[in-house]
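>>> How does the following fold in three dimensions:
(chains A and B)
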Amino acid sequence: MDLDEKPTCETVPGLPQKKHYRQRAHSNPHSDHDIEYPLTPEHMNWDKYFGEFGEERRVEFADIGCGYGGLLMRLSPKFPGTLMIGMEIRVKVSDYVNEKIQALRKHHSEAGHYRNIAVLRSNAMKYMPNYFRKGQLSKMFFLFPDPHFKNKKHKWRIITPTLLSEYAYVLREGGLIYTITDVKELHEWMAKHLSEHPLFERLTEAEMNSDFVVEMLYDSTEEGQKVTRNSGEKWPAVFRRLPNPPL
Amino acid sequence: MSFITSFGDRLFIGSGDLLRTCRIGDETEPTTFIHWNELNPERIQKPDFDVEKDLKTVEKRVILCIAHSNFLTSHGRRMVAVGTNEKQIHVFEYFVDHNGVLVKCEHIVTSVVPKAPTALTFDREDAYVVVGDRAGDIHRFSVLNGSAIEMAGAISMVLDVAFTPDGKRLLMADRDEKVRAIRYPSTYVIDAFCLGHTEYVKTLAVQNNDSIWSAGGDKMLYNWSIIECSKPLRTVDLSEVNGPIRKISINLQQQKLAILFDNVETIVIVDIGKEPTQSVSVNVSNESQFHDITSTGNHFVVLGRSTVTLIDLITMSQTIHPIDNELIESLKQTNDAVDNLFKNVTHNNQQEYEKGKPKSLRQLNRSAGSSTTTHRLLRRLLPLEPFLLSFLLFYCYIC
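This next block holds a predicted model:
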């Protein structure tokens, strides 16, 4: 099913305008933020995000640092029965995504589109296991993450060996991690740490080509579109969750 | 903070820069375990990772954590590891004669960690020391050569580390309310997150390979199964006590678990052999505050602000172990390395935003509203355009 990929306030009433929700692109993931997170995944009230549609369903895709939510809107019609959550630490940006999803749902209420996507403000580096059970997710997305160039700030990066172990915990066997960036050094960093992690293996070129989601990584997000405008290069890489070794 | 650990009948006390040892039952004051000038400079490792500054020089060396080796086999080694504020971990080996009298102590190795250590433990085979630090990382280093590698971590201060008896799982507690069980040495596999605490988790105790206990800032004591961790097996609510839990210690022989609190003069001893658990409160004579507690034989040994007290778990009688004035002074003076572990949220971004949002949205709506009225006015005038234009031209002509 094809849905308008670039809805505007003209075509969808109540759609928020990005210009009112701009926020600087960096956040300190290590500091104590005022983030409300569930005590355990059992305590998570997904009703608030998915309403009735979420009953009997579990979130399976997580877009980490979803920014303005472009990928979610693109994925939504492709996997209409799958719940997807965007996680974004910036208050204003996550509110923008929420307003946008609400407007889209309202506009398409008859057809019921966009009921499967939602956004929550959180710190994925700290609270992933509070939201998701072991092996709950089948796809995780890391699109154009903050490069944190300085050596000293590498521990702020969203892909580090120790965080990968946490992502492996919430990801099921065979689940996929999608990454893309326009910063070559960051691409190499992510590919290195994911390839070296014993619970992940990199997808081959052929495997990537046969996954139609990969093509969405390039231009679905605002970051991706910005890179295209500046004719920058983009480096995607996808990794599969391997089974745990025997104890 | 000052620390106590034990092995058999031998106690080890670290306080400030003092490191002392004594034996339970001896009527003598603790003696110096090792003098810092006995460190062998050749056995101090240079860090092979980026240290923010070079080796930290400190005004006064302060012990931050202490652990004893497991000594499980006859060819095992009696070792004590001590982490200090210089970001160094020193390992000492000691030898006793057939009467258990200390005959020799030597410095084996010193390793460097990138951040101040918070907790450490030997792995089951005593081949490595595993260290948790303030930055949330777990390093381990070989007792043989001291070279350290990063193994695991959290985006939160690590507050305690421990091993299951089979040595196959490493447990870590952090400031973000989490307890996790990770495989060892394959630390990239996280087997369980034990979630339920609502404040920092300060202290862990291990009952067996699957059963562990945790406690901390929320004054709740939880018992977890690693295999089935979705909710606690048992809960002991200590919220009536007037301070956060600072340390728990388990005595497997007597099936007792002791709980120390911050700035509270009562110790709670829980009988974990009974279902439901039963607790008793114990006051220690001449002591109102406690640093640390350890378990050995049929005893708990409590390190207070000025005393060392043995609690016999069979008779529940207390014996005060004599200590010297220098140690008493140090015990009185040492403070916790991190004085507040509770969350420190300085900005409430979400609330501020939500408070500000109706206002900014009103403004937006107003401007949106006015723009549509202009549009509507223009649209109404549009059919009159030729007329207006000619009127304008006519007006110009007249002028």
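>>> hey, let's count contacts and neighbours off CA atoms from now on
OK.
>>> how far does stretch A:27-42 sit from the chain's center?
Going by C-alpha atoms, centre = their mean, to the nearest Å, the spacing between the C-alpha centre of stretch A:27-42 and its chain's C-alpha centre is 17 Å.
>>> Show me which residues of that stretch are buried.
Residues of stretch A:27-42 classed as buried: A:P29, A:H33, A:D34, A:I35, A:Y37, A:P38, A:L39, A:T40, A:P41 (neighbour count, 16 or more other C-alpha atoms under 10 Å in any protein chain shown).
>>> So the fifth one sits against A:Y127, correct?
Yes - applying C-alpha atoms under 8 Å as the test, A:Y37 and A:Y127 come out as touching, 7.2 Å apart.
>>> What about chain B: which of the buried residues of stretch A:27-42 touch it?
Subset of these in contact with chain B: A:H33, A:D34, A:I35, A:L39, A:T40, counting by C-alpha under 8 Å from any C-alpha of the partner chain.
>>> related to what we said a few turns ago, overlap in contacts, A:Y37 and A:Y127.
Where contact means C-alpha atoms under 8 Å, 6 or more residues apart in numbering or on different chains, no residue is in contact with each of A:Y37 and A:Y127.
>>> For chain B, give me the ranges with low pLDDT.
For chain B, the stretches flagged by pLDDT under 70 are B:48-56, B:358-394, B:396, B:398-399.
>>> scratch that, chain A
Along chain A, segments meeting pLDDT under 70 span A:1-2, A:25-26.
>>> For the lengthiest strand in it, name the packing helices and strands.
Taking DSSP state E as the criterion, chain A has its longest strand at strand A:171-181. Helices and strands touching strand A:171-181, as assessed by 3 or more C-alpha pairs under 8 Å, 6 or more residues apart in numbering or on different chains; DSSP states H and E, comprise strand A:137-143, helix A:184-196, helix A:212-219, strand A:235-241.
>>> which one of those lies closest to B:I24?
When the helices and strands packed on strand A:171-181 are compared by C-alpha to C-alpha, helix A:184-196 sits nearest B:I24, at 49.4 Å.
>>> Tell me, how many residues neighbour residue 99?
Reading this off chain A. Other residues within reach of A:E99 by the criterion other C-alpha atoms under 10 Å in any protein chain shown amount to 17.
>>> Wait, chain B was what I had in mind.
Taking other C-alpha under 10 Å as the neighbour definition, B:N99 ends up with a count of 6.
>>> From B:R10, how far out is it?
In this structure, B:N99 and B:R10 are 12 Å apart, going by C-alpha to C-alpha, to the nearest Å.
>>> What of B:G297?
B:G297 is 11 Å from B:R10, by C-alpha to C-alpha.
>>> and what of A:P145?
Relative to B:R10, and taking C-alpha to C-alpha, A:P145 is found at 53 Å.
>>> More neighbours: which of these two?
Neighbours around A:P145 and B:R10, counted as other C-alpha under 10 Å, are more numerous at A:P145. The numbers are 24 against 17.
>>> So the more buried one versus B:Y200, what's the distance?
Plainly put, A:P145 is 29 Å away from B:Y200 if you go by C-alpha to C-alpha.
>>> And for B:S230?
18 Å.
>>> got the residues of chain B near chain A?
Residues of chain B lying close to chain A by C-alpha under 8 Å from any C-alpha are B:151-156, B:176, B:183, B:188-191, B:193, B:195-198, B:343-350, B:353.
>>> How far does stretch B:247-256 sit from its chain's centre?
Relative to its chain's centre, stretch B:247-256 lies at 19 Å (C-alpha atoms, centre = their mean).
>>> wait, is B:M172 part of a helix?
No - note on B:M172: no helix contains this position according to DSSP: H, G, I helix; E, B strand; the rest coil, which reports strand.
>>> That one and B:E150: what is the separation?
Where B:E150 is concerned, B:M172 sits at a distance of 14 Å (C-alpha to C-alpha).
>>> what about those two, which has more around it?
Under the criterion of other C-alpha under 10 Å, the comparison of B:M172 against B:E150 puts B:M172 first, with 29 against 18.
>>> Show the contacting residues for the more buried one.
Applying C-alpha under 8 Å, 6+ apart as the definition, the contact partners of B:M172 turn out to be B:V158, B:L159, B:D160, B:V161, B:A162, B:V179, B:R180, B:A181, B:L204.
>>> Tally up the residues packed near residue 195, please.
No chain specified, so I'll use chain A. Burial of A:S195 is recorded as 16 neighbouring residues (other C-alpha under 10 Å).
>>> Hmm, no, I was thinking of chain B.
Using other C-alpha under 10 Å, B:L195 has 23 neighbouring residues.
>>> unless I'm mixing things up, it is touching B:K178, no?
Yes - here B:L195 lies in contact with B:K178, judged by C-alpha under 8 Å, at a distance of 5.7 Å.
>>> who touches B:M1 in this structure?
Listed by C-alpha under 8 Å, 6+ apart, the contact partners of B:M1 are B:S15, B:G16, B:L64, B:H291, B:L331, B:T334, B:N335, B:D336, B:A337.
>>> May I have the secondary structure class of the spatially most central residue of chain B?
For chain B, B:L159 is the residue whose C-alpha lies nearest the centre (C-alpha atoms, centre = their mean; 0.9 Å). What three-state DSSP gives for B:L159 is strand.
>>> Residues contacting the top helix by length along chain A from elsewhere in the structure, which ones?
In chain A, assigned by DSSP state H, the helix with the most residues is helix A:91-107. Helix A:91-107 has contacts (C-alpha under 8 Å, 6+ apart) with A:12-18, A:21-23, A:67-69, A:87-88, A:112-115, A:117-121, B:349-350, B:353.
>>> Any of those residues buried? List them.
Neighbour-count burial (16+ other C-alpha under 10 Å) is assigned, among those, to A:12, A:14-16, A:21, A:67-69, A:87-88, A:113-115, A:117-121, B:349-350.
>>> Out of those, which sit inside helices?
Taking DSSP H as the definition of helices, those contribute B:N349, B:Q350.
>>> Backbone dihedrals for the nearest residue to B:N348 once chain neighbours are set aside, please?
With C-alpha to C-alpha, 6 or more residues apart in numbering or on different chains as the criterion, B:N348 has its nearest non-adjacent residue at 5.5 Å, and that residue is A:D34. Comment: the main-chain dihedrals of A:D34 come out as phi -90, psi 60, following degrees, to the nearest 10.
>>> residues in contact with A:D34?
With contact taken as C-alpha under 8 Å, 6+ apart, A:D34 is in contact with B:V345, B:H347, B:N348, B:N349, B:Q350.
>>> Around chain B, pick out the residues from chain A.
Proximity of chain A to chain B is assessed by C-alpha under 8 Å from any C-alpha, with A:30, A:32-35, A:39-40, A:91-92, A:125-126, A:129-130, A:161-163, A:165-166, A:168-169, A:197-199, A:244, A:247 identified as the residues in range.
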